[in-house]
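Trainee: show me the folded form of this:
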Amino acid sequence: AESSGVTLSRTESAHPIITAPSPAASDAAAPSGLCCGLLSAEAWHYLLTLLLCSAAMCLALATDNLGVVLEANGVVSAATLAFVLPGLSHMALLPGRWYARAKLPALFLAAFGIFVVVVGVAFIIEEDAF
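Mentor: Numbers count the residues shown, from 1 in each chain. Next up, the predicted model:
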(Lines give C-alpha, C1' and ligand atoms only; values in the text may rest on other atoms or scores of the structure.)
Protein backbone atom coordinates (compact mmCIF):
# COMPACT_ATOMS: atom_id res chain seq x y z
CA ALA A 1 0.00 0.00 0.00
CA GLU A 2 2.97 2.31 -0.64
CA SER A 3 1.43 3.87 -3.77
CA SER A 4 -1.17 5.88 -1.83
CA GLY A 5 1.43 7.27 0.54
CA VAL A 6 0.08 5.24 3.49
CA THR A 7 2.22 2.49 4.97
CA LEU A 8 0.33 -0.36 6.57
CA SER A 9 1.90 -2.54 9.21
CA ARG A 10 1.49 -6.31 9.27
CA THR A 11 -1.46 -6.15 11.65
CA GLU A 12 -3.37 -3.40 9.80
CA SER A 13 -5.58 -3.83 6.77
CA ALA A 14 -6.92 -1.43 4.16
CA HIS A 15 -10.30 -3.17 4.29
CA PRO A 16 -12.70 -1.74 6.92
CA ILE A 17 -14.14 -5.11 7.98
CA ILE A 18 -11.12 -7.39 7.73
CA THR A 19 -8.65 -6.27 10.37
CA ALA A 20 -6.02 -8.18 12.24
CA PRO A 21 -6.00 -7.23 15.93
CA SER A 22 -2.77 -6.88 17.81
CA PRO A 23 -1.66 -10.00 19.71
CA ALA A 24 -2.21 -8.33 23.08
CA ALA A 25 -5.80 -7.36 22.19
CA SER A 26 -6.68 -10.81 20.89
CA ASP A 27 -5.35 -12.49 24.04
CA ALA A 28 -7.35 -10.19 26.29
CA ALA A 29 -10.59 -10.56 24.27
CA ALA A 30 -10.42 -14.35 23.86
CA PRO A 31 -13.32 -16.00 25.69
CA SER A 32 -12.46 -18.69 28.20
CA GLY A 33 -15.24 -20.91 26.90
CA LEU A 34 -18.79 -20.98 25.68
CA CYS A 35 -21.92 -21.27 27.78
CA CYS A 36 -20.83 -18.92 30.58
CA GLY A 37 -17.27 -20.28 30.50
CA LEU A 38 -18.35 -23.80 31.51
CA LEU A 39 -17.67 -25.58 28.20
CA SER A 40 -14.89 -25.27 25.69
CA ALA A 41 -15.76 -24.78 22.02
CA GLU A 42 -14.91 -28.42 21.27
CA ALA A 43 -17.05 -29.72 24.14
CA TRP A 44 -19.94 -27.46 23.07
CA HIS A 45 -19.63 -28.84 19.50
CA TYR A 46 -19.76 -32.46 20.70
CA LEU A 47 -22.70 -31.77 23.03
CA LEU A 48 -24.72 -30.04 20.32
CA THR A 49 -23.94 -32.81 17.81
CA LEU A 50 -24.99 -35.46 20.33
CA LEU A 51 -28.25 -33.64 21.07
CA LEU A 52 -29.14 -33.22 17.39
CA CYS A 53 -28.38 -36.85 16.55
CA SER A 54 -30.32 -38.05 19.61
CA ALA A 55 -33.34 -35.94 18.66
CA ALA A 56 -33.29 -37.31 15.11
CA MET A 57 -32.97 -40.89 16.40
CA CYS A 58 -35.86 -40.44 18.87
CA LEU A 59 -38.04 -39.04 16.10
CA ALA A 60 -37.12 -41.94 13.81
CA LEU A 61 -37.85 -44.51 16.51
CA ALA A 62 -41.16 -42.88 17.44
CA THR A 63 -42.63 -43.17 13.95
CA ASP A 64 -43.17 -46.13 11.68
CA ASN A 65 -42.89 -43.98 8.54
CA LEU A 66 -39.38 -42.88 7.64
CA GLY A 67 -40.80 -40.40 5.14
CA VAL A 68 -41.93 -38.17 8.02
CA VAL A 69 -38.40 -38.03 9.40
CA LEU A 70 -37.00 -37.18 5.97
CA GLU A 71 -39.64 -34.46 5.47
CA ALA A 72 -38.85 -32.90 8.84
CA ASN A 73 -35.13 -33.04 8.12
CA GLY A 74 -35.69 -31.42 4.74
CA VAL A 75 -37.82 -28.59 6.09
CA VAL A 76 -35.47 -27.76 8.94
CA SER A 77 -32.24 -27.93 6.96
CA ALA A 78 -33.53 -26.21 3.81
CA ALA A 79 -35.14 -23.28 5.61
CA THR A 80 -32.13 -22.88 7.87
CA LEU A 81 -29.68 -22.84 4.97
CA ALA A 82 -31.85 -20.63 2.75
CA PHE A 83 -33.14 -18.04 5.21
CA VAL A 84 -31.81 -18.21 8.77
CA LEU A 85 -28.05 -18.57 8.27
CA PRO A 86 -27.70 -15.90 5.53
CA GLY A 87 -29.70 -13.44 7.61
CA LEU A 88 -27.72 -14.08 10.78
CA SER A 89 -24.42 -13.96 8.89
CA HIS A 90 -25.33 -10.61 7.34
CA MET A 91 -26.31 -9.27 10.76
CA ALA A 92 -22.98 -10.41 12.21
CA LEU A 93 -21.01 -8.64 9.49
CA LEU A 94 -22.71 -5.27 9.85
CA PRO A 95 -21.59 -2.94 12.64
CA GLY A 96 -24.01 -1.79 15.30
CA ARG A 97 -26.64 -3.31 17.53
CA TRP A 98 -28.83 -6.20 16.38
CA TYR A 99 -31.85 -3.90 16.01
CA ALA A 100 -30.04 -1.23 13.95
CA ARG A 101 -31.91 0.01 10.89
CA ALA A 102 -29.36 -1.45 8.46
CA LYS A 103 -29.80 -4.92 10.02
CA LEU A 104 -33.61 -5.03 9.86
CA PRO A 105 -33.88 -6.74 6.44
CA ALA A 106 -31.50 -9.49 7.59
CA LEU A 107 -33.41 -9.80 10.86
CA PHE A 108 -36.70 -10.19 8.99
CA LEU A 109 -35.12 -12.80 6.70
CA ALA A 110 -33.94 -14.86 9.69
CA ALA A 111 -37.32 -14.47 11.41
CA PHE A 112 -39.10 -15.59 8.23
CA GLY A 113 -36.84 -18.65 8.10
CA ILE A 114 -37.69 -19.56 11.68
CA PHE A 115 -41.39 -19.09 10.84
CA VAL A 116 -41.03 -21.43 7.84
CA VAL A 117 -39.36 -24.06 10.03
CA VAL A 118 -42.08 -23.90 12.70
CA VAL A 119 -44.95 -23.96 10.19
CA GLY A 120 -43.32 -26.73 8.13
CA VAL A 121 -42.76 -28.95 11.15
CA ALA A 122 -46.31 -28.24 12.37
CA PHE A 123 -47.72 -29.29 8.98
CA ILE A 124 -45.67 -32.48 9.05
CA ILE A 125 -46.84 -33.33 12.56
CA GLU A 126 -50.47 -32.58 11.69
CA GLU A 127 -50.26 -34.65 8.49
CA ASP A 128 -48.72 -37.58 10.35
CA ALA A 129 -51.25 -37.44 13.20
CA PHE A 130 -54.30 -37.90 10.97
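Trainee: could you use CA atoms for every contact and neighbour count after this?
Mentor: Noted.
Trainee: what does stretch 105-113 contact?
Mentor: With CA atoms under 8 Å, 6 or more residues apart in numbering as the contact definition, stretch 105-113 has outside contacts at Ala79, Thr80, Ala82, Phe83, Val84, Leu85, Pro86, Gly87, Leu88, His90, Met91, Tyr99.
Trainee: PyMOL command to pick out the buried ones of those residues?
Mentor: Here is the PyMOL selection string for the buried members of the contacts of stretch 105-113, based on 16 or more other CA atoms under 10 Å:
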select buried, resi 79+80+83+84+85+86+87+88+91
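Trainee: filter the contacts of stretch 105-113 down to just the ones in helices.
Mentor: Using DSSP state H, the members of these that fall in helices are Ala79, Leu85, Pro86, Gly87, Leu88, His90, Met91.
Trainee: elements contacting the helix or strand harbouring Gly67?
Mentor: Taking DSSP states H and E as the criterion, Gly67 maps to helix 66-79. Packed against helix 66-79 by the contact rule (3 or more CA pairs under 8 Å, 6 or more residues apart in numbering; DSSP states H and E) you find helix 41-62, helix 104-129.
Trainee: buried ones in it?
Mentor: Val68, Val69, Ala72, Val75, Val76, Ala79.
Trainee: find the nearest non-adjacent residue to the most centrally placed residue in the chain, please.
Mentor: The centroid of the chain falls nearest to Leu85 when counting by CA atoms, centre = their mean (5.2 Å). In space, and not counting its chain neighbours, Leu85 is closest to Ala110: 7.1 Å by CA to CA, 6 or more residues apart in numbering.
Trainee: distance of that neighbour from Gly74?
Mentor: From Ala110 over to Gly74 the distance is 17 Å, taken as CA to CA, to the nearest Å.
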